[in-house]
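K.L.:
Sequence and predicted structure, then a few things I'm wondering about:
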Amino acid sequence: MATEHSELAEEPGIALALKILVAGGFGVGKTTLVGSVSEIRPLRTEERLSEAGRTVDDTVGVDRKTTTTVAMDFGRITIRSGLALYLFGTPGQDRFWFLWDELSQGALGAVVLADTRRLEDCFPAVDYFEHRRIPFVVAVNCFPRARTYGAHEVSRALDLDHGTPVVLCDARDRDSGKEVLIRLVEYAGRLHAARLLDSVG
Ligand SMILES: Nc1nc2c(ncn2[C@@H]2O[C@H](COP(=O)(O)OP(=O)(O)OP(=O)(O)O)[C@@H](O)[C@H]2O)c(=O)[nH]1
Ligand SMILES: [Mg+2]
């Protein structure tokens with residue numbers, strides 16, 4: 001995946017290409033987010049949720065969901081001239097965890113999408129990025145009828161490290177998704193720069 005990433009960075013007109021993961025629990029809106037912000041037709045790997053899968057796929061809270069990501073989503077967004085983000089959406093179900101290590105190779109940072117009706121579903125993603133010291137922001141996808149939480153409340157409920165940004169968003173809305181990504185790039189940039197300074201000084 002790292003090699004593919006550097007090949008992508010050589011696309012004409014793109015001075016810098018950064019790899020970003022879009023992660024979070026099952027059915028939280030990862031594929032929706034990648035699709036709404038991507039300026040290329042997103043690559044999707046959706047499969048129908050089968051009757052057989054119903055016993056293992058937890059559809060509580062996402063009743064109308066008929067498909068699920070089985071490998072990854074892929075999209076691209078240019079956030080300013082010369083700077084492109086390559087977005088890799090992860091599969092949300094536990095049985096695809098083995099793909100995460102591959103997907104996270106060389107990533108600048110991650111967006112952890114959260115649904116306040118099932119906040120606990122994003123614990124594994126938060127743990128994953130904290131343990132690997134991959135900078136992440138938590139983006140609360142505000143579904144209708146879900147209780148509105150403030151950023152502080154979400155931060156406390158998830159026991160986030162001080163400074164980890166929490167943003168409210170609508171995964172279906174391009175501008176809203178773009179704002180989340182800009183927030184991540186700024187935050188991850190600051191964090192990586194601080195670590196670099198620490199390591200030399
Ligand atoms: N109302 C509303 N529905 C949403 C929103 N985001 C996603 N959906 C719907 O919720 C369902 C789940 O969206 P997906 O984008 O497939 O979720 P996912 O996180 O990629 O799911 P998995 O890959 O299966 O883990 C879909 O039916 C979407 O249309 C949202 O912000 N508001
Ligand atoms: Mg998906």
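P.N.:
Happy to help now that I have it. Ligands and ions are numbered 1, 2, ... in the order given.
K.L.:
With only the CA atoms kept, save stretch 180-190 in PDB.
P.N.:
Provided in PDB are the C-alpha atoms of stretch 180-190 (Å, rounded to 0.1, in the frame of the first residue of the first chain):
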ATOM      1  CA  VAL A 180     -13.500  17.600   8.800                       C
ATOM      2  CA  LEU A 181     -10.600  16.700   6.500                       C
ATOM      3  CA  ILE A 182      -9.100  20.100   6.700                       C
ATOM      4  CA  ARG A 183      -9.300  20.000  10.500                       C
ATOM      5  CA  LEU A 184      -7.500  16.600  10.400                       C
ATOM      6  CA  VAL A 185      -4.700  17.800   8.100                       C
ATOM      7  CA  GLU A 186      -4.100  20.800  10.300                       C
ATOM      8  CA  TYR A 187      -4.100  18.800  13.500                       C
ATOM      9  CA  ALA A 188      -2.000  15.900  12.100                       C
ATOM     10  CA  GLY A 189       0.500  18.400  10.600                       C
ATOM     11  CA  ARG A 190       1.000  20.100  14.000                       C
END
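K.L.:
Show residues contacting it.
P.N.:
Residues outside stretch 180-190 that contact it (C-beta atoms under 8 Å, 6 or more residues apart in numbering): 18, 20, 33, 37, 77, 79, 85, 87, 108-111, 135-137, 139, 165, 167, 169. In this view, the C-beta of every residue, glycine as well, is placed from N, C-alpha and C.
K.L.:
which residue is nearest the middle of the protein?
P.N.:
Centroid-nearest residue in the chain: residue 22, 1.6 Å away (criterion: C-alpha atoms, centre = their mean).
K.L.:
Could you pull up the contacting residues of it?
P.N.:
So residue 22 contacts 30, 33-34, 73, 87-90, 110-111, 113 (C-beta under 8 Å, 6+ apart).
K.L.:
How confident was the prediction at it?
P.N.:
pLDDT, residue 22: 98.
K.L.:
where does it fall, phi/psi-wise?
P.N.:
Backbone torsions of residue 22, given as degrees, to the nearest 10, read phi -120, psi 110.
K.L.:
Against ligand 1, how distant is it?
P.N.:
Between residue 22 and ligand 1 the computed distance is 8 Å (C-beta to the nearest ligand atom, to the nearest Å).
K.L.:
which regions of this protein lie under the pLDDT threshold?
P.N.:
Within the chain, the stretches with pLDDT under 70 are 1-12, 51-63.
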